[in-house]
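In: Okay, sequence plus prediction incoming.
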Amino acid sequence: MIATIIFILILSLLIIVHEFGHFIAARRNGVRVEQFSLGFGPQILKKKKGDTEYSLSLIPLGGYVKMAGDSQSEYKGRPDEYLSKPCGRRFQIIFFGPFLNYVLGFLFFWLILFIGYPSLTPKVGVLMDGYGAKEAGLQVGDYIQAVDGQKIDLWEDLQHQIQQRKTKSSVTLDVLRGSKELKFNVLIKDKVIDTQLGEKRALGIIGISPFDETIEVRHGFFASAYPGFQKTINLTLLTYKGLWMLASGKMSMRDSMTGPLGIFFITSNAAKLGLIAVMHLIAVLSVSLAIFNLLPLPILDGGHLFLLGLEKLRKKALGLQAEEIINNIGFSLIISLALFVTYNDILRLYGDKIGKLLSK
């Protein structure tokens with residue numbers, strides 16, 4: 001029950017922020033907003049304030065902002081209508097939705113770094129046979145303090161220091177064992193691993209895994225901004241790389257995409273891990289939603305931006321019939337994608353159980 005509530009709250013937050021971006025940009029550019037809706041289906045609540053009706057609907061899986069004159073069939077040529085505005089102003093209105101999602105993701109990364117998050121210490125938990133650490137004489141419980149004289153405090157710092165060095169070279173580790181300070185010369189060897197995007201990559205390792213010991217890492221309020229920005233940019237680059245691999249056929253949609261059911265499952269796991277895990281999930285989903293919405297596909301914001309660019313080049317908008325065809329194609333694509341990812345989520349999460357039931 002708690003996971004369901006958190007799931008609805010997260011989705012609602014992302015949708016409200018996205019639609020508020022469109023709403024505030026429309027208002028600032030003199031466009032009348034007729035409806036601001038959270039959710040779809042039967043309305044639960046609604047209230048009219050000024051020119052805008054605000055509503056809450058039963059199914060919290062989306063939302064929309066309805067602007068006056070935002071389609072050629074409704075456009076009457078009034079100055080407060082969407083289509084009466086030049087391309088530059090309409091670009092702002094469309095772009096501001098995903099832009100606010102992107103900013104929200106950055107703000108949550110910033111907040112996580114400021115509040116504090118758990119991180120593994122560089123304490124040895126497991127020694128792997130055939131690798132340099134065990135051969136050099138390290139033991140479980142050793143606390144690695146420095147790599148080639150460079151002080152480290154976290155397991156991720158140790159990983160970074162080792163992985164950036166050439167394989168078949170060696171490093172000097174400063175180790176605290178009990179009250180004794182020791183030095184070890186450790187050989188780095190290759191190991192092929194699967195990356196987050198399913199690629200094979202050879203990394204230098206010394207053959208250790210972390211001890212189950214964490215410390216809370218905190219940064220100052222302003223000091224958290226830059227690493228928060230770095231996390232946002234790194235996630236953006238990783239996402240675009242993943243999209244490129246999808247488009248080029250190097251990664252399958254089945255293994256890389258998830259829908260509401262999959263997000264609910266992820267949310268349930270994050271809720272068990274605590275507030276920081278939920279905040280991290282919000283940051284990742286918000287940035288991902290911004291990037292997905294900017295894809296140049298019909299109905300998505302990116303598709304509208306693409307058509308605006310085309311209108312700017314042609315010096316005129318597409319005709320009413322062309323607009324309807326594009327919208328129908330876009331709607332069909334989105335529905336097909338939603339059905340595919342839901343089917344994929346069911347197979348991935350419950351495929352084994354379904355298979356057992358069918359085999360009885």
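Out: Now that the structure is in, tell me what you want to look at.

In: use CA for all of it now, contacts and neighbours both
Out: Will do.

In: Go ahead and confirm residue 202 touches residue 190.
Out: Yes - with contact defined as Cα atoms under 8 Å, residue 202 and residue 190 form a contacting pair (6.0 Å).

In: in the protein, which ranges drop under the pLDDT threshold?
Out: 1, 166-168, 193-200, 251-262, 264-265, 343, 345, 347-360 (pLDDT under 70).

In: hmm, back to that, neighbour count winner among residue 202 and residue 190?
Out: Using other Cα atoms under 10 Å as the criterion, residue 202 and residue 190 rank with residue 190 on top: 17 against 14.

In: which residue packs closest to that one, ignoring adjacent ones?
Out: Among residues not flanking residue 190 along the chain, residue 204 sits closest, at 4.8 Å (Cα to Cα, 6 or more residues apart in numbering).

In: residues in contact with that neighbour?
Out: Residue 204 makes contact with 162-167, 188-191 under the criterion Cα atoms under 8 Å, 6 or more residues apart in numbering.

In: which of the residues you listed are buried?
Out: When the contacts of residue 204 are checked for burial by 16 or more other Cα atoms under 10 Å, the buried set is 162-163, 167, 188-190.

In: In strands, which of the residues you listed appear?
Out: Using DSSP state E, the members of those that fall in strands are 189-190.

In: ok, the buried ones among the contacts of residue 204 vs residue 244, which is closest?
Out: Using Cα to Cα, residue 163 is the member of the buried ones among the contacts of residue 204 that sits closest to residue 244, with 25.3 Å.

In: gap between the spatially closest residue to residue 76 that is not a sequence neighbour and residue 306?
Out: Excluding the flanking residues, the one nearest residue 76 by Cα to Cα, 6+ apart is residue 69, at 6.7 Å. Distance from residue 69 to residue 306, counting by Cα to Cα, to the nearest Å: 19 Å.

In: of the two, who's got more company?
Out: A count of neighbours by other Cα under 10 Å puts residue 69 above the other of residue 69 and residue 306, at 22 against 18.

In: Could you say which helix or strand holds the residue positioned nearest the centre of the chain?
Out: In the chain, the C-alpha nearest the mean C-alpha coordinate belongs to residue 284, at 2.8 Å (Cα atoms, centre = their mean). Taking DSSP states H and E as the criterion, residue 284 maps to helix 275-293.
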